[in-house]
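>>> Below are the sequence and a predicted model; questions follow.
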Amino acid sequence: MNQVKRTSKFLFAFLAAFVVFFAGFSQLSHTQAATSKTKYIQVVSKDVNVMDNSKKGPLVKVGVFKKDQVFPATSYGTNWWKVQYGTGYGYVYSKSVKEVKKATYKNGSGKTKNSKKTITPANNVAIQDNTGAKLVEFATIEKNVKYPIVSEAGNWYKVIAGERIGFVYKPAVTAKPKPAPAPKQYIEVTSNNVSIMDNTQGPSLVKVGSLVKGQQYEVKGLSGNWYKLDYGNITGYVYAKSVKKVDKVSYKNANTSLKNSKTTFVSQKSLNVIDNSDGKKVTFATIEKNVTYPIISDAGNWYKVSVGQRIGYVYKPAIVKEQPQPETPQPETPKPEDPKPDTPKPEEPKPTFRGIAVVRYQNILADNENKQFKNDPDTVSLEAFKQQMMFLDAAGYKTVTPEQVAKYVNGEIELPEKSVLITFDNGYQSVIQNALPVLDKYGFKAAFFMASGQLNDSNKTFNPDEKLVMDVDSMRKLISQGHVLGGYSHTLDFLENGSSALSQATPERMQLQVELNRDNFAEFADVRAFAYPFGDYNDALTNAVKLGGYSAGFTLEQGLVNVGDSPYTLHRINVTPSLSNSDFQRIVQIGK
């Protein structure tokens, strides 16, 4: 009986050990299987947003993964990757990342877990990887997002983001929210020739210039009975009862970023300051005699200056004091009389430069191959296109790029008066087949705005009966020859209820469309300009284009482009088949 008991006890112990061993083996095998199936993504576009879909309504941005960083992830649907973020998961767009074979980071979270403590930063804060020789930012937490921490480490919070250990600087979390910029204030002059006064020359105010009735200006605030505004290198004062406050302005020559240089001139007489943003050459201010005034830059026969945060131009020859000629005494010759007070002074020459022309085409077909698009307003004959390019060449025009135009309107560079930007929307095959040889003949370069959702390798054979988008090899050819690719949305390049689908999208979808447009071209082109499909745009869309990393946005509003224009609502001249050659020449030169 005892023998049986000992045998049973032995068998029970053996079976228990076997169960424990098998369970451990199974757990080990399961862990190895999970590890072997782990997928990793690397951010390939600019920083990619981490989105939260846990709440009803649109996706909410909760953070950012930085460019080139690698994270473990799980494929989610066809367009998203799911990643660990905070106490749950976030989602990153698949087109902004690529799958890689292994992790390159050393700060994996392993079995580390979050505590119950959280932080809520008032501003966007960086998450740093400290495993290398220096701190490397690999992610950020969006402001006002409640985020769990692992622990505190001196001046740092230890957190987990994308299954990686990171550190957030405590003072950055507790910093006061960045104040919103103070709203701009504007005035409109209601009296004639309102004086600008300087209070830096002694106990009394000194007149240094004047503002023109009906003109508007940005001011820096009210001090007693005086409005303060920028005037050269000083603050000028304008009597409050001579102006009225307005909520918005109509001028186009706002100085958004230009600074005065160290170069100055001294006015020998009262000088007009001219606004030429719309080609009308309007005097909007004057500089008083004997005033030392700074310039922004030299522009041929003109000095570019700033008055009341508006860009203006002062004619150089009017500044130079005429030197008196030596006189020969001739008693019998009567001296010329002094000019009478009512004698009108000769007017100063006005600028003749009206702005930069941006011309827009779509489909270019020879008459003998145009069978399907004879009544199409977007199809211009090859013969007309040749005549138009021949005129530009004969008149001395040189082509510029969209980025140069953006810098020009921002006042960062000067462009020759006879500059032109040639653009094509949609990137049809006919452009490669018909327009490109003409451009090459005159050495012209152009910008081609295209929807990245239509990228293809198949449209290699030209078919004039269809509007087919050029293939990728043709795009590469354009880039290699010095032409420029631009954005035209990702997939929302069609009309919907009479307007472009892109302009009707939600702000989040707009942002995604314009960013994907850039990202999908990134392999072979650095896309920096955007054309709004069908010319439709609104504030949300221009803001999305700006945030998407573009430097310029083009509309279909007719007119020339001038210094001071917004770089995100630039005019274009839409060339149609009904436009005669003489009309084309006129519009390119004066914008209408």
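Good, I have the coordinates. Numbering: from 1, shown residues only.

>>> quick one: low-confidence parts of the stretch 251-400 of the chain?
320-353 (pLDDT under 70).

>>> can you give me the strands for the stretch 51-200 of the chain?
60-65, 70-76, 80-85, 88-93, 97-100, 118-119, 125-129, 136-141, 147-148, 151-153, 156-161, 164-169, 185-189, 194-198 (DSSP state E, counting those that start in this stretch).

>>> Give me the neighbour count for residue 534.
Residue 534 is flanked by 17 other residues according to other C-beta atoms under 10 Å. Every residue, glycine included, has its C-beta placed from N, CA and C.

>>> Can you give me the distance of the closest residue to it other than its chain neighbours to residue 275?
Computed as C-beta to C-beta, 6 or more residues apart in numbering, the closest residue to residue 534 that is not its neighbour in sequence is residue 500, at 4.5 Å. Relative to residue 275, residue 500 is positioned 33 Å away (C-beta to C-beta, to the nearest Å).

>>> of these two, who's got more company?
residue 275 (24 against 20).

>>> Would you confirm that the more buried one contacts residue 250?
No. Assessed by C-beta atoms under 8 Å, residue 275 is found out of contact with residue 250, at 11.2 Å.

>>> Where does the prediction get shaky in the stretch 1-150 of the chain?
1-37.

>>> again, 50 this time
Scanning the stretch 1-150 of the chain for pLDDT under 50 picks out the ranges 1-7, 12, 14-36.

>>> what does stretch 72-88 rub up against?
Residues outside stretch 72-88 that contact it (C-beta atoms under 8 Å, 6 or more residues apart in numbering): 38-41, 50, 52, 54, 62-63, 65, 71, 89-95, 97, 103, 109, 114, 145-148, 160-163.

>>> circling back to that earlier point, need phi/psi at the residue nearest to residue 534.
Main-chain torsions, residue 500, degrees, to the nearest 10: phi -70, psi 140.

>>> Mind putting the strands of the stretch 51-200 of the chain into JSON lines with distance to residue 292 and mean neighbour count?
As requested, these are exported to JSON lines (distance: least, C-beta to C-beta, whole Å; neighbours: other C-beta atoms under 10 Å):
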{"stretch": "strand 60-65", "distance to residue 292": "48", "mean neighbour count": "22"}
{"stretch": "strand 70-76", "distance to residue 292": "58", "mean neighbour count": "19"}
{"stretch": "strand 80-85", "distance to residue 292": "58", "mean neighbour count": "21"}
{"stretch": "strand 88-93", "distance to residue 292": "55", "mean neighbour count": "20"}
{"stretch": "strand 97-100", "distance to residue 292": "57", "mean neighbour count": "16"}
{"stretch": "strand 118-119", "distance to residue 292": "54", "mean neighbour count": "16"}
{"stretch": "strand 125-129", "distance to residue 292": "46", "mean neighbour count": "22"}
{"stretch": "strand 136-141", "distance to residue 292": "47", "mean neighbour count": "22"}
{"stretch": "strand 147-148", "distance to residue 292": "55", "mean neighbour count": "20"}
{"stretch": "strand 151-153", "distance to residue 292": "57", "mean neighbour count": "12"}
{"stretch": "strand 156-161", "distance to residue 292": "53", "mean neighbour count": "23"}
{"stretch": "strand 164-169", "distance to residue 292": "47", "mean neighbour count": "22"}
{"stretch": "strand 185-189", "distance to residue 292": "24", "mean neighbour count": "20"}
{"stretch": "strand 194-198", "distance to residue 292": "11", "mean neighbour count": "21"}
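
>>> Output these as JSON lines; include the columns distance to residue 588.
Conversion of the strands of the stretch 51-200 of the chain to JSON lines gives the following (distance: least, C-beta to C-beta, whole Å):
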{"stretch": "strand 60-65", "distance to residue 588": "43"}
{"stretch": "strand 70-76", "distance to residue 588": "51"}
{"stretch": "strand 80-85", "distance to residue 588": "47"}
{"stretch": "strand 88-93", "distance to residue 588": "41"}
{"stretch": "strand 97-100", "distance to residue 588": "44"}
{"stretch": "strand 118-119", "distance to residue 588": "58"}
{"stretch": "strand 125-129", "distance to residue 588": "49"}
{"stretch": "strand 136-141", "distance to residue 588": "47"}
{"stretch": "strand 147-148", "distance to residue 588": "56"}
{"stretch": "strand 151-153", "distance to residue 588": "65"}
{"stretch": "strand 156-161", "distance to residue 588": "54"}
{"stretch": "strand 164-169", "distance to residue 588": "55"}
{"stretch": "strand 185-189", "distance to residue 588": "34"}
{"stretch": "strand 194-198", "distance to residue 588": "38"}
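
>>> Which stretches in the stretch 351-500 of the chain count as strands?
Counting by DSSP E, counting those that start in this stretch, residue ranges of the strands within the stretch 351-500 of the chain are 357-361, 363-365, 379-381, 398-399, 419-425, 446-450, 484-487, 495-496, 499-500.

>>> wait, which of the ones you listed is closest to residue 467?
strand 363-365 (6.1 Å; C-beta to C-beta).

>>> Ignoring the adjacent residues along the chain, who's closest to residue 319?
Per C-beta to C-beta, 6+ apart, closest to residue 319 is residue 265, 5.2 Å.

>>> The helix or strand encompassing that neighbour pairs with which strands, and in what direction?
Under the criterion of DSSP states H and E, residue 265 resides in strand 264-266. Under the criterion DSSP bridges, strand 264-266 sits next to strand 292-294 (antiparallel) in its sheet.

>>> What lies in contact with the strand holding residue 265?
Here strand 264-266 makes contact (C-beta under 8 Å, 6+ apart) with 290, 291, 292, 293, 294, 295, 303, 314, 319.

>>> Kindly indicate which of the residues you listed lies nearest residue 412.
Closest to residue 412 out of the contacts of strand 264-266 is residue 295 (15.4 Å), distances taken as C-beta to C-beta.

>>> Out of the strands of the stretch 51-200 of the chain, the one nearest residue 433 is which?
Per C-beta to C-beta, nearest to residue 433 of the strands of the stretch 51-200 of the chain: strand 97-100, 34.1 Å.

>>> Mind listing what's buried along stretch 413-428?
Within stretch 413-428, the residues that qualify as buried are 415, 419, 420, 421, 422, 423, 424, 425, 426, 427, 428, counting by 16 or more other C-beta atoms under 10 Å.

>>> ok, now stretch 300-312?
By 16+ other C-beta under 10 Å, the buried positions in stretch 300-312 come out as 302, 303, 304, 305, 306, 307, 308, 309, 310, 311, 312.

>>> roughly how far is it from the heart of the chain?
Stretch 300-312 sits 24 Å away from the centroid of its parent chain (C-alpha atoms, centre = their mean, to the nearest Å).

>>> tell me, how many neighbours does residue 527 end up with?
For residue 527, the neighbour count with other C-beta under 10 Å is 24.

>>> Residue 356 and residue 560 touch, don't they?
Yes. Using C-beta under 8 Å, residue 356 makes contact with residue 560 at a distance of 6.1 Å.

>>> any idea how far the residue nearest to residue 112 when sequence neighbours are not counted is from residue 200?
Residue nearest to residue 112 in three dimensions, not counting chain neighbours: residue 150, with 5.9 Å by C-beta to C-beta, 6+ apart. As for residue 150, its distance to residue 200 is 58 Å (criterion: C-beta to C-beta).

>>> This completes my enquiry, with thanks.
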